[in-house]
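**Student:** sequence unknown, structure follows:
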């Protein structure tokens, strides 16, 4: 055992609120990049989009029928049908190339441009087979006016918008082929632990397979980040420091975040950057650290998989979302529910309690240790017990954050 | 104009419920495929996963401290500290290779295997610097038992589970490198319309840019499908039929689904397959068609972008999700809200009303035509007025499905 063994507690444990305050002060969306429409779903606009065109770009039929001069149908009824002289047809993309006078008509399909001289569409069902008007139409009837959907100059989508499928449709319809979107954060995953085998390995002897790497990669992708995870890093100064310094927008270290003999990461961050938070009054995840190195945020997450998930949810995920321009809040749906059993906690410490929903009630999972990752797969979600609370009584209404 | 012009209504308009009944009878999850862990997030398990190993695979320390024979600490207090003979160390992945007797101890880190002969861990803070026990520990104290997280043979994840990030962690920890997942449906997008320019083009003359292609592609991807969209298809028999017959799990046709002159798709489906539903009592989207061709489902969606979105939401999206093993229900969050204004509808027809949330109230958008795609970007979501309802009065509580 080396001389620098320090088996001591955390120098100064901070509250979750203090840790979040430090974190929020260091979060800002990344710069913009141009993104093609086909890849823009879910991306966040870095600038509002104004339309440079009218949509539709021309007056068009909103019914199948006959484009007419409205005036020529005046007084038409089934008993006094009026003749129409059909001089051509207008289809979407194939307009009628001429001008109409009173008494003339052009057979027209929905979406086709209204021919010059016309100002209304007589619906097909209001014309006889011999093409006589059976009813009058007023000017403008069944005509979609140029610009009625989107007028040129209109702000179509605001800055900060997370693009929905239909937004891509609108962007396409105004001739936009790419947008300025907040860049997706590149997240370096640094999974440490000399006992770890790469994910997908069968555990053997005293070695265990890496659970946090695949979990964190999926979490980061869910939150819009781009994962850079070149493999497990040995618990040694040189490889760990190199990984912390690798190009990225933020770094997430899993394991080696405590104060034990092999916990190099906190001291490296403190020495080569700033270790702003180390030790947080919460359960699990108390050995979490937050800091910066070479200008980028570093999250030191406990190697224990449940603590790792919880600390990601509270801190790292928030940063991934914020850098990418997304809402900082949890992406989990929230539901109110009645507690089936008492949920105890300790004053001064926030608790992240895994729960199941059973017959509409909220059942805290009875869990021996924080290391039981299967508790998060058996759970439907979690309840947060704030630091100033001793917990909730059976029957209390609580907020449940649903994993699914 | 050709002779086969048929400007008539739909032969038999069906209700939304009838259309869904036909659809649901033709939906079943696709077969399984093997998927590597790194690509498995969000995928749906085609078979339950049982653990072939114990997790942890060995008894391990759950605290930093000293592995001991519990018995040797009996009676220890700060005033009656008992000496321990430290004979080595155990680290995660680096076990102590020997057996301990009473009075001996091994310095141990959280996660390290408990040496042979030991049955407890004395936490570091209960030992003096000279390594004397300051308290007694009982057998099993601070020891995580082999299999305590997951016992070999346990069903870890059920069939049908949509894999969460933490599920990947659990799978990795039991040595699983790939899972049997329901195959993602390959969805052929067939966007028709001779007036259409490819997405990203600036609209000009009587041509408009394709809004539905990019929107549908994003919707299908959201719902877990794989998009095959080779470009706009001309409104002609040969290319359309070839597209309908191209390899896919389902086909979505946008445009040409009505009963007008250029609406080839319905007659092609009827002639070469089965056109089970054509015309649905809903607004928008009444010209929607459902059928099959060469054994695969075909969705005929109106070219009008709002109708296209609505018909996708009601029918095509449901099929994409179901084929991929996901829940058939909408992926939109639902919220209750008070209607700010009356929302009228017509008995016998289901309405899909775009709404905004303003100061917590639900405001129906005043929209001239169904063709106004920008209404779906201004909207926060939609309210469904069932066919048997005349609508909702101002102040009524309604369910809002949120787009975001």
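**Tutor:** It's in. All of these numbers come straight from a predicted model, not from anything done at the bench.
**Student:** other SSEs contacting the longest strand belonging to chain A?
**Tutor:** What stands out as the longest strand in chain A, according to DSSP state E, is strand A:350-358. With contacts taken as 3 or more C-beta pairs under 8 Å, 6 or more residues apart in numbering or on different chains; DSSP states H and E, strand A:350-358 sits against strand A:282-283, strand A:361-364, helix A:374-378, strand A:381-385. Quick note: C-beta positions are derived from backbone N, CA and C, even for glycine.
**Student:** and of those, who's closest to chain B?
**Tutor:** helix A:374-378 (4.3 Å; C-beta to the nearest C-beta).
**Student:** Please spell out which residues along that closest one are buried.
**Tutor:** By neighbour count on 16 or more other C-beta atoms under 10 Å in any protein chain shown, the buried set for helix A:374-378 is A:374, A:375, A:376, A:377.
**Student:** go on, stretch A:214-227?
**Tutor:** A:214-225, A:227.
**Student:** Specify the angle between the longest strand of chain A and strand A:381-385 in degrees.
**Tutor:** Computed by axes from the mean of the first three to the mean of the last three C-alpha atoms, to 10 degrees, the angle separating strand A:350-358 from strand A:381-385 equals 140 degrees.
**Student:** hang on, residue A:386 packs against residue A:352?
**Tutor:** No - using C-beta atoms under 8 Å, residue A:386 is not in contact with residue A:352, being 11.1 Å away.
**Student:** Compare the two and say which is more crowded by neighbours.
**Tutor:** Neighbours per residue, other C-beta atoms under 10 Å in any protein chain shown: of residue A:386 and residue A:352, the larger number sits with residue A:352, 23 against 13.
**Student:** residue contacts, the closest residue to chain B within the stretch 1-150 of chain A?
**Tutor:** Proximity to chain B, evaluated over the stretch 1-150 of chain A using C-beta to the nearest C-beta, is greatest for residue A:93 at 2.7 Å. By C-beta atoms under 8 Å, 6 or more residues apart in numbering or on different chains, the contact list for residue A:93 reads A:112, B:193, B:194, B:195, B:196, B:206, B:207.
**Student:** quick one: which of those is nearest residue B:55?
**Tutor:** Nearest to residue B:55 among the contacts of residue A:93, counting by C-beta to C-beta, is residue B:196 at 55.4 Å.
**Student:** from what I can see that closest one touches residue B:203, true?
**Tutor:** No - with contact defined as C-beta under 8 Å, residue B:196 does not count as touching residue B:203 (9.7 Å).
**Student:** And the helices and strands packed on strand A:350-358: which comes nearest residue A:173?
**Tutor:** Going by C-beta to C-beta, the one of these nearest residue A:173 is strand A:381-385, 39.5 Å.
**Student:** show me where the stretch 51-200 of chain A has strands.
**Tutor:** A:60-61, A:65-68, A:82-83, A:85-90, A:104-108, A:120-123, A:132-133, A:143-144, A:155-157, A:178-182, A:186-191, A:196-197 (DSSP state E, counting those that start in this stretch).
**Student:** Could you dump those strands into TSV with mean neighbour count and mean pLDDT added?
**Tutor:** Formatted as TSV, these follow (neighbours: other C-beta atoms under 10 Å in any protein chain shown; pLDDT from 0 to 100):
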stretch	mean neighbour count	mean pLDDT
strand A:60-61	28	94
strand A:65-68	28	96
strand A:82-83	15	96
strand A:85-90	17	96
strand A:104-108	25	96
strand A:120-123	25	97
strand A:132-133	20	96
strand A:143-144	22	94
strand A:155-157	18	96
strand A:178-182	20	98
strand A:186-191	26	98
strand A:196-197	22	94
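**Student:** now what about the lengthiest helix in chain A, what contacts it?
**Tutor:** Taking DSSP state H as the criterion, chain A has its longest helix at helix A:212-222. Residues outside helix A:212-222 that contact it (C-beta under 8 Å, 6+ apart) are A:187, A:189, A:191, A:198-199, A:226-227, A:229, A:232, A:252, A:254-255, A:301, A:303, A:305, A:308-309, A:312, A:317, A:320, A:331, B:37-38, B:41, B:164-166, B:168-169, B:171-172.
**Student:** Make a ChimeraX selection of whichever of these turn out to be buried.
**Tutor:** Filtering those down to the buried ones (16+ other C-beta under 10 Å) takes a single ChimeraX command:
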select /A:187,189,191,199,227,229,232,252,254,255,301,303,305,308,309,312,317,320 /B:37,38,41,164,165,166,168,169,171,172
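**Student:** Can you tell me which of the contacts of helix A:212-222 end up in helices?
**Tutor:** A:305, A:308, A:309, A:317, A:320, B:165, B:166, B:168, B:169, B:171, B:172.
**Student:** Hmm, the fifth one is touching residue A:227, no?
**Tutor:** If I follow you right, that is residue A:320. No - the pair residue A:320 / residue A:227 is not scored as a contact, 9.9 Å apart, by C-beta under 8 Å.
**Student:** between those two, what contacts are shared?
**Tutor:** Common neighbours of residue A:320 and residue A:227 are listed as A:187, A:220 (criterion: C-beta under 8 Å, 6+ apart).
**Student:** that older thread, tell me which of the helices and strands packed on strand A:350-358 sits nearest to residue B:179.
**Tutor:** helix A:374-378 (13.3 Å).
**Student:** from the chain's centre, how far out does that closest one sit?
**Tutor:** Put simply, helix A:374-378 sits 24 Å off its chain's centre (C-alpha atoms, centre = their mean, to the nearest Å).
**Student:** outside of that helix, which residues touch it?
**Tutor:** Applying C-beta under 8 Å, 6+ apart, the contact partners of helix A:374-378 are A:305-306, A:309, A:354, A:356, A:365, A:367, A:403, B:55, B:149-150, B:156-157, B:164, B:166-167, B:169-170.
**Student:** follow-up on the earlier one: which one among the contacts of residue A:93 gets closest to residue B:243?
**Tutor:** The closest of these, once distances to residue B:243 are taken by C-beta to C-beta, is residue B:193, at 13.1 Å.
**Student:** tell me the contacts of the closest one?
**Tutor:** Residues near residue B:193 by C-beta under 8 Å, 6+ apart: A:92, A:93, B:210, B:232, B:235, B:254, B:255, B:256, B:303.
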